[in-house]
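1. Please find the sequence and the predicted model below.
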Amino acid sequence: MRILLLGSGGREHAFAWKISQSPKTNKLFIAPGNAGTASLGTNVDIASNDFPSLKKFVLENKVNMVLVGPEEPLVLGIYDFFKADDDLCSIPVIGPSKIGAQLEGSKDFAKAFMLRHKIPTAKYFSVEKSNLSQGISFLHSLKAPYVLKADGLAAGKGVLIIDNLAEAEQELTSMLNGRFGQASEKVVIEEFLSGIECSVFVMTDGKSYKILPQAKDYKRIGEGETGPNTGGMGAISPVSFVDDAFMEKVETRIIKPTIEGLIKENIDYKGFIFLGLIKVDNEPMVIEYNCRMGDPETESVMLRIESDFVDLLEGISHNNLSEKELKIDSRFAVTVVLVAGGYPGEYEKGKLISGLEELADCQCFHAGTRAESGEILTNGGRVMAISAYGNNKQEALDKCFINANKVIFEGKYFRSDIGFDL
Ligand code: AMP
Ligand code: GLY
């Protein structure tokens, strides 16, 4: 197989690590990739949204499978672009169709889908300028805090949780007036749910599905889950409060109705479904769907998949996922993300990274890095993720922290409390 992987983060380095272990992989390209993926395959300088350039590359290089890491190309319709093109239609894209990707691309679409298929989620109301007064009435019917979500993609920043009703009304108006650009021309107002969150990942060929190891991520910059939101500061798998009884509920009440709903609505979906869940009084509810794997959860989840990952991807593309075996490593896998000083606010790039040759008994997945004249430099806010196994959570964490301390770059920061709440 000649595989093209799209994306450039830690998630994609983790995918590349797993894909490159498969005897089925003859050649791996990553577009655009990072300094880490370059050691496992060939980085290609094409943006993952540049469909015409990707087409040319895929045909010239006889690529026979495309795995899409981030949501943006999916929401922009890369699956449909391949399907509709005479030269590309025989090349499978692992990822949902444009309409399927709306599960992430439009909060309103996702909520209406869940309502149609009786999937447990918070009460909601979708507001546009034209029905603002009804939106305000709905806000008044809720108890604080108030949850406002930009309908469209807003780089993970489009959710506001506000304690005060007057302020929530003001923010609602400011969102509708373009606070998040086009993404907040429509806003979903939600009832606030109180509980502990986890991420459950499903791979599907559109008919059958496999449930991948669950994980918990840590989104805030500060210890104790405080301060501004980030792209993710760490992850743990498995999650102690996600036991068999809870997963049984997740499968019957959420996963099965989701897959059946997609089938009923004729939505092509061949890829990953990321369920952002919250446990409320021991019952699972959906906070959000994503149409891709999570980052940094993937950096832990890939460690726990023992099966040939490319064989599983082929199960998706050949519609025979149900015949494939998914073997899961019972050990813990933990990820700690190293970020640039100042992130998620302003930060500098181009800092020299050293100490990587000292790392032991862990996997180092690059995110915001680039290679220049034989050196590795920082090139983003989340710089790299250190992942390790352990027979228990603490053993895995200890290995991550020992190695996180060995990596040196100016301004390096990481959270030393990942998993503190489990
Ligand atoms: P989302 O982008 O939908 O995942 O929302 C970002 C974060 O906001 C989630 O991970 C939750 O921590 C929080 N959140 C979103 N919706 C709700 C809700 N209805 N109740 C409580 N917290 C929420
Ligand atoms: N870790 C959360 C996300 O990937 O959206």
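-> Arrived safely. Ligands and ions are numbered 1, 2, ... in the order given.
2. Now Lys111. Its backbone dihedrals?
-> In terms of degrees, to the nearest 10, the main-chain angles of Lys111 are phi -70, psi -40.
3. swap that for Val68, sorry
-> Backbone geometry at Val68, expressed as degrees, to the nearest 10, gives phi -100, psi 120.
4. before we move on, what about Ser240?
-> Torsion angles at Ser240 (phi, psi; degrees, to the nearest 10) stand at phi -60, psi -40.
5. Contacts only, for it.
-> Residues near Ser240 by C-beta atoms under 8 Å, 6 or more residues apart in numbering: 393, 422. Where you see a C-beta, it was placed from the backbone N, CA and C, and this is true even at glycine.
6. Ala16 too?
-> By C-beta under 8 Å, 6+ apart, the contact set of Ala16 is 5, 28, 30, 33, 36-37, 40-41.
7. Which of the three states applies to it?
-> Counting by DSSP: H, G, I helix; E, B strand; the rest coil, the backbone at Ala16 sits in helix.
8. picking up where we left off before, quick one, which of the contacts of Ala16 are buried?
-> Among the contacts of Ala16, those classed as buried by 16 or more other C-beta atoms under 10 Å are 5, 28, 30, 33, 36-37, 40-41.
9. Contacts only, for Ile259.
-> Shown in contact with Ile259 (C-beta under 8 Å, 6+ apart): 202, 204, 207, 209.
10. of all those residues, which two lie farthest apart?
-> Across the contacts of Ile259, the longest distance by C-beta to C-beta is 12.6 Å; it joins Val202 and Lys207.
11. related to what we said a few turns ago, can the buried ones among the contacts of Ala16 go into CSV with extra columns for secondary structure and pLDDT?
-> As requested, the buried ones among the contacts of Ala16 are exported to CSV (DSSP: H, G, I helix; E, B strand; the rest coil; pLDDT from 0 to 100):
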residue, secondary structure, pLDDT
Leu5, strand, 98
Leu28, strand, 98
Ile30, strand, 98
Gly33, coil, 97
Gly36, coil, 97
Thr37, helix, 98
Leu40, coil, 98
Gly41, coil, 98
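12. Out of those residues, flag the one nearest to ligand 2.
-> Leu5 (16.5 Å; C-beta to the nearest ligand atom).
13. What's opposite that closest one in the beta bridge?
-> With DSSP bridges applied, the residues forming beta bridges to Leu5 are Ile30, Leu67.
14. Let me see the mean pLDDT of stretch 188-199.
-> For stretch 188-199, mean pLDDT is 97.
15. Work out the gap between that stretch and the centre of the chain.
-> 17 Å (C-alpha atoms, centre = their mean, to the nearest Å).
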